[in-house]
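> Turn this into a structure:
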Amino acid sequence: MSDDPNGRGSQKQERARTGECHGREGSILQLSSWSFRAGTLETANDEALDTRVPAKRPPRRFGRPGAVVADCNRSKRPSETEGQDPTNTTTLNVDESVTHQPIDGYGAALSEAAAVNFLNLKERDESAYWKLLRSLYGCSGDTPGCFAMLRLPISASDFASSFHTYDDIPNDWQLKHVRILPDLKLKVLKDIFQIRPDLKVHACPWTAPAWLKTSANHTNAFYWGELDPSERAYETYAKYLAKVALLYNQSGAPFYTLSMQNEPLNEPNSYTVMRMSPADQARFAAHLGPALEAQGLGHVKILVFDHNWDMAFYPLQVYSNASEVYNSMDFIAGSAWHCYGGPVEAQSEVFEKYPNKEIHFTECSGTGASNFHSNIDWHTKNLYVGAIRHWARSVLHWNLALDENFGPHLGGCEDCRGVVTIPSNSSHIIYNEEYYGLAHFSMFLRSGAVRTGNSWDHKEGTCMHGTAFRNVDGSLQVVIVNACDKPQSVATNLIQRNQYLRTETLPIGISTMYFPPEAQEVPTDTLSWNKPWVYIVILWAAITIAAWAYVLAWYAYGMVNHPYAPLDEAEIQLEALVDDGIEMEELPGEELHSAELKAEGPSMTSDGSSGEVSIDLGRVATSEVHTEIKADASRTDMEHLHRCSRELHHAADGLFLLVRFIILFEFPLHGLELQHGL
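Residues are numbered from 1 along each chain as shown. As a prediction, the model looks like this:
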C-alpha cells in the first residue's frame, strides 16, 4: 500500500473527538454515543477505559424485528418518538423492486504480517486463536463478524518478514521451481476456510519474480522496475500466476478474483512493487486469460488497476486498449480500487462508461493516531456505504491483524492499524473500529445478496447515510448511519412490504436493522394444508374410492350368491331370419361369462338361394353394451344370467347417482340410459 499521500492520518486527528461502543440487541445493531477526553474513554459513570480496548463485547441476542436497543448499558438508550412532528423526521425509503449490483462481501487482507501474528497466537493459546477466527469469519455465536471476503497478497508485500516470490530461481523460464510452500498465509487461510467454506479470495501480486523484471540485473530489483516487455516474459509471468492460482486451488483455497498488479503506478523504493501502465495491463490480460483457462481456472475473475480513486483515467485507458489494441476485453471482469487519494465517486465515473465491468474496493487502512469515532465516520461514509453506493461489489480493509507495533512490516506505512490487534505477548485481542464497522455491514449479508434501491426524505444536510441489501432468502438488511452532531429522528419505509416502521431517535453512530423474509403467498399450483380446496380434493378422492369399493362389493356379492355356469350348447331356431330380421336390444353390464350360442336356421347364399346355416355366436360380451338375441334358450341358464346382470346394473346405477350428487352437483348425465331387464 502507499504512504498516505493525502495525509489522511493527520486529517483524522482533526475530526471530532467522540467515540462509540458497539452492540446489538433485538434485530438491530447499534453504535451508541460516547465521548473521548484526554486519551481515555469517559463513560456516563466517569469510568475511564483504555481507548484501544472496546468497553464491552457485543452480545448476540435476537428479538422482534424493528427493536432498537443500545447494547452498552452505560450509554444512552435510543428513545421511541411516536407522535413527533413528522417534518422533523428523516425517512429512509427502501424499494426492494429496484436492485443494483450483487454484493460479494466485506473483509480484509491476510498479509504475511497478519499470518505471523495469527500463528504466534495459535502457538501461545490455540483456543484464543480459533475464537478470534470465528469472531472474524463465523456467522453465529458470541461475536460473528461474518466476513465473506479476504484479500491475499501473492508472495511478499510491504507487510511481510522478507522479500520473496514463489519462484526466485533465476531464468526459470519453464517454471519448474514454482512453490507456494512454505507459506504462512496458506496455513491460516486453510483454517479460515474451515469456518467459512464459501469464503471468496481476492488475490493480488506486488511484483513478478525479479528475473522477469527490467530491474533484474540491479540491486533491490524488488523495489522498482517493470515487467520485461518481451513476449516471452509476458507469457511466462502469465503462466506463473496461473500456476500459483492452481496450487492454491489444489490446497483448498481457490481464488475468486485476481488483480494483475497492486498499485501499478506506485514506486516507494521501500518494498516490493512493479510498475505497469494501462497499456501493459491490457496487453497482459491477453496472456493471463488464456493461461488461467489452460489450468482449468477460466472462472477466476481478472481485475485491473487496484489503485487510488484519484486515478480513474487508468482503468478507462486499460479498457480502451483492451478493446481497440489487444482484443483482451473479454478476459477482464472489472477494476479494483483503493482509498488513499481522490473521491469515491470516481468508481461511478468508470462504471457509467463500462456498466458491464465490475467494481471492487480492495484496500484501505486506518492509522494508529486517529480515534474511534472519526474512523467509523470516515469509513462508513466512504467505504461501507460510499463504495457500495458507487457500485462496489466488495469492501476490503488492509491488514486483518497486526501487533501492538503495527507490524511486522518491511516498509511503507509505519502506523497502519489492523482490523484487530494481536499483542505479541498476550492473548487479549483488541478489536479495532474497523472490525465493528465491517461487522455492522457483513453480519446479515449472505452469498447472492444485492443492493436495493433506497432514498431519503427530509434529509438533514449530508449527515445521514444508509443503504439496504436483500438476501436470496428474502431477508432484508438496512443500515442507517447518523453522522450528525446530535441524535436524529428516523423512520424506515419498506415500500414493497407496506411497512412504515415507528420513528426512533437514533444516536450518533451506525444502526443495522435485520428483517426476516417476508411471508410469501403460496402459488395456486403448490400444495398447502392451509387451503380449503386441499380438503375438498381429499374428500373427493375418498368418496371416489368408496364408490368404486361399493361397485366391486355389489359385483362380488352377485357372483357369490348367484353363481351360474356357462350355457349348454343351445339349439336356437331363428325366426324370420330374412323377413323379420334378428331382434336386438342393448343390455348394460360388465363382460358376461363365456357363453357358447349356436344358432341353426335357413340362410341365403350369395346368389339368393336358400340353405341351412350354422351360426356360432361364440363369446358374447363387450365392456359397456351386450347384445341380446331373443331366442328360445334354456330358461334356467338365462335366469342366472339375468340376475347377475341386474346386480351389476344396480351397482353401476348407484355409482352414477352418487357421482351426480357429490361430484357433479346434480348435473344431468345425458345419454346414460340404462336397461333394467332382460
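
> Next, the nearest residue to Ala242 once chain neighbours are set aside: secondary structure please.
Closest residue in space to Ala242, ignoring its immediate chain neighbours: Ala291 at 3.9 Å, by C-beta to C-beta, 6 or more residues apart in numbering. Just so you know, the C-beta spots here come from the backbone N, C-alpha and C atoms, and that holds for glycine as well. What DSSP: H, G, I helix; E, B strand; the rest coil gives for Ala291 is helix.

> Give me the local confidence score for Ala291.
If you check Ala291, the pLDDT there is 98.

> Now do it against Thr236, distance only.
Ala291 is 10 Å from Thr236, where distance means C-beta to C-beta, to the nearest Å.

> and the strand ranked longest in the chain, what does it pack onto?
Among the segments of the chain that qualify as a strand by DSSP state E, the longest is strand 90-102. Packing partners of strand 90-102 (3 or more C-beta pairs under 8 Å, 6 or more residues apart in numbering; DSSP states H and E): strand 392-399, strand 450-457, strand 464-470, strand 476-482, strand 488-494.

> Most tightly packed of those?
Most buried of these, by mean neighbour count (mean count of other C-beta atoms under 10 Å): strand 392-399, with a mean of 27.

> what does the helix or strand following that one rub up against?
Counting by DSSP states H and E, the next helix or strand C-terminal to strand 392-399 is strand 401-402. Strand 401-402 has contacts (C-beta atoms under 8 Å, 6 or more residues apart in numbering) with 113-114, 117-118, 132, 159, 416-422.

> Repeat the analysis, applying 10 Å as the threshold.
Defining contact as C-beta atoms under 10 Å, 6 or more residues apart in numbering, one finds that strand 401-402 is touched by 108-111, 113-118, 121, 132, 136, 159, 188, 365, 368, 408-409, 415-422, 429-430, 432, 435.

> Name only those of those residues that count as buried.
Listed as buried from these are 108-111, 113-118, 121, 132, 136, 159, 188, 365, 368, 408-409, 416-422, 429-430, 432, 435; burial here means 16 or more other C-beta atoms under 10 Å.

> May I see the domains of this protein written out as residue ranges?
As given by automatic domain parsing, the domain ranges for the chain are 87-103+448-520, 105-444, 532-663.

> if I look at Lys213, how far off is Glu226?
Remark: distance between Lys213 and Glu226 (C-beta to C-beta) = 7 Å.

> Same question for Ser447.
38 Å.

> Also Ala216?
Distance of Ala216 to Glu226, computed by C-beta to C-beta: 11 Å.

> Surely Thr362 touches Lys200?
No. Here Thr362 does not reach Lys200: they are 11.9 Å apart, not a contact under C-beta atoms under 10 Å.

> Run through the neighbouring helices and strands of the helix or strand hosting Leu186.
Using DSSP H and E, Leu186 maps to helix 184-195. If contacts are counted by 3 or more C-beta pairs under 10 Å, 6 or more residues apart in numbering; DSSP states H and E, helix 184-195 sits against helix 112-124, helix 126-137, strand 149-154, strand 200-205, helix 231-250.

> other SSEs contacting the helix ranked longest in the chain?
Counting by DSSP state H, the longest helix found in the chain is helix 532-561. Under the contact criterion of 3+ C-beta pairs under 10 Å, 6+ apart, helix 532-561 touches helix 635-658.

> mean confidence score for the helix it packs on?
60.

> Tell me who's in contact with Ser427.
Applying C-beta under 10 Å, 6+ apart, we find Ser427 in contact with Leu121, Arg124, Asp125, Glu126, Ser127, Ala128, Tyr129, Lys131, Leu132.

> which stretches of this protein aren't confidently modelled?
1-87, 142-143, 368-370, 458-462, 502-504, 519-531, 554-555, 557-678 (pLDDT under 70).

> 50 instead, please
Residues of the chain that meet the criterion pLDDT under 50 lie in 1-85, 520-528, 564-634, 665-678.

> Look at Thr362 and Lys200 and report which has more neighbours.
The neighbour count for Thr362 versus Lys200, taken as other C-beta atoms under 10 Å, is higher for Thr362 (29 against 19).

> can you list the helices and strands packed on strand 90-102 in JSON lines and add distance to Pro144?
Below are those laid out as JSON lines (distance: least, C-beta to C-beta, whole Å):
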{"stretch": "strand 392-399", "distance to Pro144": "17"}
{"stretch": "strand 450-457", "distance to Pro144": "21"}
{"stretch": "strand 464-470", "distance to Pro144": "16"}
{"stretch": "strand 476-482", "distance to Pro144": "14"}
{"stretch": "strand 488-494", "distance to Pro144": "23"}
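
> quick one: contacts for Gly453?
For Gly453, the contact set (C-beta under 10 Å, 6+ apart) comprises Asn93, Val94, Asp95, Glu96, Ser97, Val98, Thr99, His100, Ala468, Ile495.

> same thing but 7 Å
Asp95, Val98 (C-beta atoms under 7 Å, 6 or more residues apart in numbering).

> can you tell me how far it sits from Tyr319?
27 Å.

> Would you map the helices across the stretch 251-400 of the chain?
278-294, 313-324, 346-353, 372-379, 386-389 (DSSP state H, counting those that start in this stretch).

> Show me which residues of the shortest one are buried.
If I follow you right, that is helix 386-389. Within helix 386-389, the residues scored as buried using 16+ other C-beta under 10 Å are Gly386, Ala387, Ile388, Arg389.
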